[in-house]
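# Predicted model follows, preceded by the sequence.
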Amino acid sequence: MAPVIEVRDLKKYFATPHGMLHAVDNVTFTIEKGRTLGVVGESGCGKSTLGRTIIHLHESTSGQIFLEGEDVTRLKGRELRLAREKMQIIFQDPYSSLDPRKTISSTIREPLAVSKRYSRKEIEEKTAELMDLVGIDERLRMAYPHELDGGRRQRVGIARALALEPKFIVCDEPVSDLDVSIQAQVLNLLKRLQQEKGLTYMFVTHDMSVVRHISDDICVMYLGQVVEKCPSKELFKNPLHPYTRALLSAIPSTDIHNPNKREILKGEITSPINPPPGCRFAARCPHATEACRQPQKQEEVSPGHFVTCCRVHEL
């Protein structure tokens, strides 16, 4: 059975006055049906660009994207529109991603109307079903985005993403702008919807506690490249890449007797514009040698645990 999403050597470059910015560079992974791939890393590492490239909000520079075994990398016109119905996104900021001139019911109804697959009666019925599914009260159907709190606005975004019954959803930091208690409600809603509908997620975040809670597998990105990928439990139990270890060491500890030992990263961040061929983390890595300046290959260190580091067996 083909995975829902397969990405092979995906690249997304942006032209700048100083050269090509390598936002996503040679990224490869698969996501099986009903599973969540967490993508973590510092701001600017390419997490959101990766998700948007997969669903064609950005067109890829090279590489391949497969949706349920079908190559959707270069689709155009009607074929692309049909593929996009199966791939949706939940944006980080629910306020700026909603049209302030549209009511809640109009926002949820819009993709149903645009698809031209439903009658007017079916659109009204399905809109009501979606509102109920994500926990939006019927009394709010004529409200506008500015009249809702952040949690309810994000539920509207989730309902809109679910409208056309997609197979795959990119969750682009959907809880980072919410209070902690509301974050938990939205995360639990996403997990419930996944179980009920067999959804497949790519969950983009910089919050390690959030990604640990919701993800089955985790990709760690650094300056456009995946430096480590493995099951979630394995990553927190046995991180192998120096960058992953530094990220995990920054998680606050509640044990005052055995606090986490912070790994402070020093050195200049490598420019993502025309970067050198070696490891992009080498300039900040305390374990870097001359070998790290050479092109790196991803290695399967143990079943399902991939690391891009030439010194992984020595650390």
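Cool, the structure landed.

# Now do the same contact list for Leu193.
Going by C-beta atoms under 8 Å, 6 or more residues apart in numbering, Leu193 touches Leu133, Val134, Ile158, Leu162, Leu199. C-beta: built from backbone N, CA, C; applies to glycine.

# moving C-terminal of the helix or strand harbouring His22, what's the next helix or strand?
Element membership for His22 (DSSP states H and E) is strand 19-31. Using DSSP H and E, the helix or strand that follows strand 19-31 in sequence is strand 36-40.

# For stretch 258-277, output the C-alpha coordinates as CSV.
Extracted in CSV, the C-alpha atoms of stretch 258-277 (Å, rounded to 0.1, in the frame of the first residue of the first chain):
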residue,chain,number,x,y,z
ASN,A,258,18.4,16.9,37.9
PRO,A,259,17.8,19.9,35.5
ASN,A,260,18.6,19.5,31.9
LYS,A,261,22.2,20.3,31.0
ARG,A,262,22.0,23.0,28.4
GLU,A,263,24.1,22.7,25.2
ILE,A,264,24.8,26.3,24.2
LEU,A,265,25.4,26.7,20.5
LYS,A,266,28.1,29.1,19.5
GLY,A,267,29.4,30.4,16.2
GLU,A,268,27.8,32.0,13.2
ILE,A,269,24.8,30.5,11.4
THR,A,270,25.6,29.5,7.9
SER,A,271,24.0,31.6,5.2
PRO,A,272,21.2,29.8,3.4
ILE,A,273,22.1,31.7,0.2
ASN,A,274,24.4,29.6,-1.9
PRO,A,275,25.5,27.5,1.2
PRO,A,276,28.7,25.4,1.0
PRO,A,277,28.4,21.7,0.2
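
# which of the residues in the strand holding His22 are buried?
Leu21, His22, Ala23, Val24, Asp25, Asn26, Val27, Phe29, Ile31 (16 or more other C-beta atoms under 10 Å).

# of the contacts of Leu193, closest to Ser48?
Distance to Ser48 across the contacts of Leu193 (C-beta to C-beta) is lowest for Ile158, with 17.5 Å.

# Now the closest one: phi and psi?
Main-chain dihedrals, Ile158, degrees, to the nearest 10: phi -70, psi -40.

# need the contact list for it.
Ile158 neighbours (C-beta under 8 Å, 6+ apart): Ile90, Val134, Pro174, Val186, Leu189, Leu190, Leu193.

# Touching, the second one and Leu189? I think so.
Spelled out, that is Val134. Yes. Counting by C-beta atoms under 8 Å, Val134 touches Leu189, with 6.5 Å between them.

# Quick check: neighbours shared by those two?
Arg155, Ile158.

# more crowded one of these two?
Between Val134 and Leu189, counted using other C-beta atoms under 10 Å, the more crowded position is Val134 (23 against 17).

# And for Glu314, the neighbour number?
8.

# Please compute how far the longest helix seen in the chain lies from its chain's middle.
If you go by DSSP state H, the chain has its longest helix at helix 180-197. Here the centre of helix 180-197 is set off from its chain's centre by 16 Å, with C-alpha atoms, centre = their mean, to the nearest Å.

# Can you list the buried residues in it?
Result for helix 180-197 [16+ other C-beta under 10 Å]: buried residues Ile182, Gln183, Gln185, Val186, Leu187, Leu189, Leu190, Leu193, Gln194.

# Report the separation between the last one and Ser96.
Gln194 is 25 Å from Ser96, where distance means C-beta to C-beta, to the nearest Å.

# swap in the fifth one?
Taken as C-beta to C-beta, the spacing of Leu187 relative to Ser96 amounts to 21 Å.

# is it true that Glu68 touches Lys167?
Yes. Contact criterion C-beta under 8 Å: Glu68 and Lys167 qualify, at 6.6 Å.

# Show me the contact partners of stretch 82-97.
Residues contacting stretch 82-97 (C-beta under 8 Å, 6+ apart): 48, 51-52, 54-57, 67-68, 70, 72, 75, 115, 145-146, 150, 153-154, 156-158, 161-162, 164, 166-174, 176-177.
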